[in-house]
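In: fold the stuff below for me.
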Amino acid sequence: MFCLLLAAAPAAPAANSLETTYRTAGPAVHAAFEDAREFLQASSAVFRRGRTEIIFGTVVSPEGHILTKASELGDLSDLTVTVDRESYDDPVLIAEDPTWDLALVKIEAEGLVPVDLSEATDPAHGTWVVANGATTRSKRRVQVGVVAANSREVFSKGGTVLGVALKNDDEAIIVDAVEEGTGAAKAGLEEGDRIVSFDGEEVSKREALLELLKKRRVGEVVKIGIRRGDETLEVEVELSGRVDVFGEETTRNDAMSGEYSERRTGFPRIMQHDIMGNRHFMGGPVFDLDGHCVGMNIARFSRCETYAIPAAELRQLAQDMMAQEVKE
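Out: Below is the predicted model:
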């Protein structure tokens, strides 16, 4: 009899949970933040390859200048860009800033609504912020979170590197291998080259070179003096992050974090918030509830951490990068 009663009893809920409408991506939340969504609609961009969303962007001029995350952008030849509900073809790369992993792209447009970059100090802990979530073909959707930590520099995990392997030699620093795609490879460093100087400072020991690299950031360009046979040369090398070149061991937290950004450390200063997302959600603006842009998402670090370039730095970067177009 006891067994029959158990079998007839209705199954208990597996776990207590909020109704869908009250979850962070539910329609009730979207409705509560509709005013903030309009800022995203007007001033964020969506880069697509075919029907696939690649990355978001931040509109910084009425004439079509858009900032985004450089390392996720890839080849522009087959990308389309949607701003508000209009789609634009043939985006053009204007400038890049490897230190910040930032790209400036331009589309042929007029009358766009650039973000209103906040002139206030960094938002306090717990401040509500919004950013792009998944989109439809024409409509931005809002994701909600709060500022979660002090703004700070995030050093490159594993340190900064030239992009070469070095031989152990007591008398010289000898290049043993050059990693493909690095600044060292682009500068033409070759196996067997002897490194003799770093930004004008003579070096002869591997340890001394590594100490100099510790003081530099990812994306900086340094002058490297080399001796190749009887010839002495000086080349300019863009520095890389160690994990960007040589990879890193995947941790349990990483495995649980979904699609985090490949370049997620090595930034001069970031604002941290807890808006949900993945690597393809980067590049878009982060707004406070008054419509001021307080930053631009630059890296999905983990399942609960997203990094954004603060508004103060973003304003200067936009000005500097747009000035490069004028010079050209």
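In: just checking, Arg228 touches Ile195?
Out: No: using Cβ atoms under 8 Å, Arg228 makes no contact with Ile195, being 10.6 Å away. Where you see a C-beta, it was placed from the backbone N, CA and C, and this is true even at glycine.
In: what's opposite Val81 in the beta bridge?
Out: Val81 forms beta bridges with Phe47, Tyr88, as assigned by DSSP bridges.
In: same check, this time on Glu231
Out: The partner residues for Glu231, given DSSP bridges, come to Arg228.
In: look up how far Glu190 lies from it.
Out: Distance, Glu231 to Glu190, using Cβ to Cβ, to the nearest Å: 12 Å.
In: where does Ser71 fall, phi/psi-wise?
Out: Per-residue torsions, Ser71: phi -70, psi -10 (degrees, to the nearest 10).
In: give me the more crowded residue out of Arg228 and Ile195.
Out: Comparing Arg228 with Ile195 by other Cβ atoms under 10 Å, the one with more neighbours is Ile195, at 21 against 14.
In: the more buried one contacts Gly225, correct?
Out: Yes: assessed by Cβ under 8 Å, Ile195 is found in contact with Gly225 at 7.2 Å.
In: that older thread, which one of Glu231 and Glu190 has more residues nearby?
Out: Legend: neighbour count by other Cβ under 10 Å for Glu231 and Glu190, higher for Glu190 (13 against 7).
In: is Ser156 in a helix, a strand, or coil?
Out: coil (DSSP: H, G, I helix; E, B strand; the rest coil).
In: near it, how many other residues are there?
Out: Other residues near Ser156 number 22, with proximity taken as other Cβ under 10 Å.
In: next, it: phi, psi?
Out: Main-chain dihedrals, Ser156, degrees, to the nearest 10: phi -60, psi 130.
In: tell me the pLDDT at it?
Out: At Ser156, the model reports a pLDDT of 85.
In: again, but for Pro91
Out: So Pro91 comes in at 97 (pLDDT).
In: check Ser302 too.
Out: Value for Ser302, per-residue pLDDT: 88.
In: does it touch Tyr260 like I think?
Out: Yes: Ser302 is within contact range of Tyr260, at 6.1 Å (criterion: Cβ under 8 Å).
In: low-confidence ranges, this protein, go.
Out: 1-26, 137, 247-258, 326-328 (pLDDT under 70).
In: can you check which helix is longest in it?
Out: helix 311-327 (DSSP state H).
In: so which elements touch it?
Out: strand 65-69, strand 92-97, strand 102-106, strand 293-302 (3 or more Cβ pairs under 8 Å, 6 or more residues apart in numbering; DSSP states H and E).
In: repeat the analysis, applying 6 Å as the threshold.
Out: Packing partners of helix 311-327 (3 or more Cβ pairs under 6 Å, 6 or more residues apart in numbering; DSSP states H and E): strand 92-97, strand 293-302.
In: strand 293-302 and that helix, what's the angle between them?
Out: In terms of direction (axes from the mean of the first three to the mean of the last three Cα atoms, to 10 degrees), helix 311-327 departs from strand 293-302 by 100 degrees.
In: what's the spacing between the residue lying closest to His292 once chain neighbours are set aside and Ala311?
Out: Among residues not flanking His292 along the chain, Ser118 sits closest, at 3.9 Å (Cβ to Cβ, 6 or more residues apart in numbering). Distance, Ser118 to Ala311, by Cβ to Cβ: 4 Å.
In: need the residues touching each of those two.
Out: Val294 (Cβ atoms under 6 Å, 6 or more residues apart in numbering).
In: those two: who's more crowded?
Out: Neighbours were tallied for Ser118 and for Ala311 using other Cβ under 10 Å; the higher tally belongs to Ala311 (26 against 22).
In: let me know whether the more buried one touches Asp116 as I believe.
Out: No: using Cβ atoms under 6 Å, Ala311 is not in contact with Asp116; the gap is 9.4 Å.
In: shared neighbours of the two, anything?
Out: Contacts common to Ala311 and Asp116, judged by Cβ under 6 Å, 6+ apart, are Cys293.
In: tell me where this protein has helices.
Out: Secondary structure of the chain (DSSP H): helices located at 2-8, 27-32, 34-43, 70-73, 183-187, 206-214, 242-246, 252-256, 311-327.
In: now the residue nearest to His292: how far from Gly291?
Out: Distance, Ser118 to Gly291, by Cβ to Cβ: 10 Å.
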